[in-house]
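>>> 3D, please:
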Amino acid sequence: MLLAGGLQSSSLDLPTLSLVAVCIAGLLGLFLIIDWMQQRNVRALAWWGSAYLIGASAMALGTMPAPFIKLPAAVPGALTFLACGMVWNGVRLFQGRRVLPFATFIGAALWLGLAQIPGMLDGGNGEVLGALIVPVYTFFIAMELWRERRRTRYSRAAAIVVPCLHAGIFLVPLAMRLSLPDGHSGAWLTVFTLETILYAVGTAFIVMLMVKDHHVHVYRTAASTDHLTGVLNRRAFIETAQTLCKRQAKRGEPVAVLMFDLDHFKSINDRFGHSTGDEVLRLFARVTRASTRLNDIIGRFGGEEFIAIVPGGLEVAQKIAERVRTAFENAGAVMESQPIGATVSIGAAASYDATMPVDALIAKADAALYRAKHDGRNRVIVTESENASERARLIAAARRTRPFGMAAFARISQRNKSVRSA
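Numbering: from 1, shown residues only. Predicted structure coming up:
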């Protein structure tokens, strides 16, 4: 954005460049506003579009012939800093942070305050101060972008490097003004105007890249997340678990799987209704997230079954499982003044074998879960053997054939007995 005032002739037609800058900023502002009207959930687009329009107005007011409109000399600069503050808050809003009104108006208020000091903005001092303040806003915007963790590496790097680069380039015209002879000092305004055009286009590009990556993130999350509980769905969990297993294998460290099954969940649905049952599932997901570590991976395996894979051995898995069991027993005792008494049974298994597939480890944890339910529920059972047994594989096969459940397991067992006897 251009801090207007005191434009001098140079080798390039400065008034024409200024008009081009105004038109580009205005068109980009309209484009962002129209885009916001089509994507009302991205409110930051409205902030950015309005900032561009305000910036275009500031440039127009500062470069138009004096007879058309007479305003205090500080007004264009104040509008410019107001636009900078709106861009900053637009970035914060886009990332889910609260708007800072102080940040929106501090630059404009400071500029208007400096204008009250006689001679402070005269003789080119205003342009110098403006060229120093604009990069400060740009660096603050870059800091906000650096805090963002959701985007791809490419867009995140672009969103940081480009504002920092432009902030540095804004200082080049200032250096030119201080170093060039008096007869050529007006050239710095030409460079400043060219930079304004590049900055407006580059920032709009970064904005659209951020919005695009935001939508990609939303769609990816929707495709990999269970809509009811907010944890990973089965497919996404398996993919993420395989990645974790490979990473742990390279480090030579163990990995553990925990299988969770809410006790008597059908009875909860029958007694209190499916809406309460859904709330119990959501409660368990919240409790599990709060009781596990940041690098633990949680998913919903289906129905009332959940699963987690954690870096660590059996001792770590047992501690986490017991923490989840106790927390859920306390949280699920009473819900909305109703005595629900929800509990969970947990089976855990760990492996130091880098070649063991995730399915085999899940089968071991599933067999341990079956033992926990068979032994009275609301408990944690940890497997002792390192390799999945025939019984574990049979149990896993039976559970995968639900709703047949243990009936399927009985048929599989009977078939194996028949084969052995034959």
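
>>> what sits against residue 361?
By C-beta atoms under 8 Å, 6 or more residues apart in numbering, the contact set of residue 361 is 245, 255, 257, 349-351, 388. C-beta coordinates here come from the backbone N, C-alpha and C atoms, glycine included.

>>> look up how far residue 248 lies from it.
Going from residue 361 to residue 248 by C-beta to C-beta, to the nearest Å gives 11 Å.

>>> what residues do the two have in common as contacts?
residue 255.

>>> surely residue 256 and residue 319 touch.
No. Between residue 256 and residue 319 there is no contact under C-beta atoms under 8 Å: 10.4 Å.

>>> of those two, which one has the most company?
Legend: neighbour count by other C-beta atoms under 10 Å for residue 256 and residue 319, higher for residue 256 (28 against 14).

>>> for the stretch 301-422 of the chain, what are the low-confidence residue spans?
Counting by pLDDT under 70, the stretch 301-422 of the chain contains low-confidence ranges at 354, 384-422.

>>> for it, which segments count as helices?
Using DSSP state H, counting those that start in this stretch, the helices of the stretch 301-422 of the chain run over 314-331, 358-374, 390-400, 406-421.

>>> who touches the first one?
The list of residues contacting helix 314-331 from outside it, by C-beta under 8 Å, 6+ apart, reads 256-258, 260, 283-284, 287-288, 290-293, 296, 308, 310, 342-344, 346, 348-350, 378-380, 382-383.

>>> filter the residues you listed to the buried ones?
Neighbour-count burial (16 or more other C-beta atoms under 10 Å) applied to the contacts of helix 314-331 gives 256-258, 260, 283-284, 287-288, 291-292, 296, 308, 310, 342-344, 346, 348-350, 378-380, 382-383.

>>> give me the distance from whichever helix or strand residue 140 is part of to the chain's centre.
Using DSSP states H and E, residue 140 maps to helix 125-146. Centroid separation for helix 125-146 versus its chain: 26 Å, with C-alpha atoms, centre = their mean, to the nearest Å.

>>> do stretch 109-118 as well
That offset, for stretch 109-118, works out to 39 Å (C-alpha atoms, centre = their mean).

>>> same question for it, mean pLDDT?
Stretch 109-118 shows a mean pLDDT of 85.

>>> look up phi and psi at residue 226.
When read as degrees, to the nearest 10, the backbone of residue 226 gives phi -70, psi 120.

>>> go on, the one 3 residues further on?
Its backbone dihedrals place residue 229 at phi -100, psi -20, with angles given as degrees, to the nearest 10.

>>> now residue 259
phi -110, psi 130.

>>> the one 4 residues further on too?
The phi and psi torsions at residue 263 (degrees, to the nearest 10) take the values phi -70, psi 140.

>>> and it, how far from residue 280?
Residue 263 sits 11 Å away from residue 280, going by C-beta to C-beta.

>>> give the contact list for residue 240.
Counted by C-beta under 8 Å, 6+ apart, residue 240 has contacts 232, 297, 299, 309.

>>> and what of residue 242?
Residues near residue 242 by C-beta under 8 Å, 6+ apart: residue 358.

>>> any idea whether it is helix, strand or coil?
Using DSSP: H, G, I helix; E, B strand; the rest coil, the secondary structure recorded for residue 242 is helix.

>>> please apply the same query to the one 3 residues further on.
Following three-state DSSP, the label given to residue 245 is helix.

>>> thought it was touching residue 355?
No. If you go by C-beta under 8 Å, residue 245 and residue 355 don't touch, sitting 10.1 Å apart.

>>> these two: which is more packed in?
Using other C-beta under 10 Å as the criterion, residue 245 and residue 355 rank with residue 245 on top: 20 against 7.

>>> how far away is the more buried one from residue 305?
20 Å.

>>> equivalent analysis for residue 130, please.
62 Å.

>>> give me the more crowded residue out of the two.
Higher neighbour count among residue 130 and residue 305: residue 130, with 24 against 18, using other C-beta under 10 Å.

>>> test my guess that that one contacts residue 77.
Yes. Taking contacts as C-beta under 8 Å, residue 130 lies within contact range of residue 77: 5.8 Å.

>>> which helix or which strand is home to the closest residue to residue 299 other than its chain neighbours?
What sits nearest to residue 299 in space, not counting adjacent residues and going by C-beta to C-beta, 6 or more residues apart in numbering, is residue 237, at 2.9 Å. Using DSSP H and E, residue 237 falls within helix 234-251.

>>> what's the answer for residue 89, then?
Per DSSP H and E: residue 89 is located in helix 75-94.

>>> what's in contact with the helix or strand following that helix?
Sequence-wise, the next helix or strand downstream of helix 75-94 (DSSP H and E) is helix 101-115. Counting by C-beta under 8 Å, 6+ apart, helix 101-115 makes contact with 72-74, 77-79, 81-82, 84-86, 88-89, 120-121, 129-130, 133, 137, 140, all of which sit outside it.

>>> now helix 101-115: how far from the chain's centre is it?
Using C-alpha atoms, centre = their mean, the offset of helix 101-115 from its chain centre is 31 Å.

>>> again, but for stretch 306-316
For stretch 306-316, the distance from its own C-alpha centre to the chain's C-alpha centre is 26 Å (C-alpha atoms, centre = their mean).

>>> domain ranges for this structure, per the record?
Annotated domains of the chain cover 14-224, 234-388 [automatic domain parsing].

>>> wait, residue 32 touches residue 52, no?
Yes. Proximity of residue 32 to residue 52 meets the contact threshold set by C-beta under 8 Å, at 6.3 Å.

>>> dump the residue contacts of the nearest residue to residue 92 once chain neighbours are set aside.
Once flanking residues are discounted, residue 92 sits nearest to residue 144: 5.8 Å by C-beta to C-beta, 6+ apart. Residues near residue 144 by C-beta under 8 Å, 6+ apart: 88, 91-92, 95, 97.

>>> wait, which of those residues is closest to residue 48?
Distance to residue 48, by C-beta to C-beta, is smallest for residue 91 among the contacts of residue 144, at 8.5 Å.

>>> return the distance of the closest residue to that closest one other than its chain neighbours relative to residue 105.
Spatial nearest neighbour of residue 91, excluding adjacent residues (C-beta to C-beta, 6+ apart): residue 144 at 4.5 Å. Distance of residue 144 to residue 105, computed by C-beta to C-beta: 17 Å.
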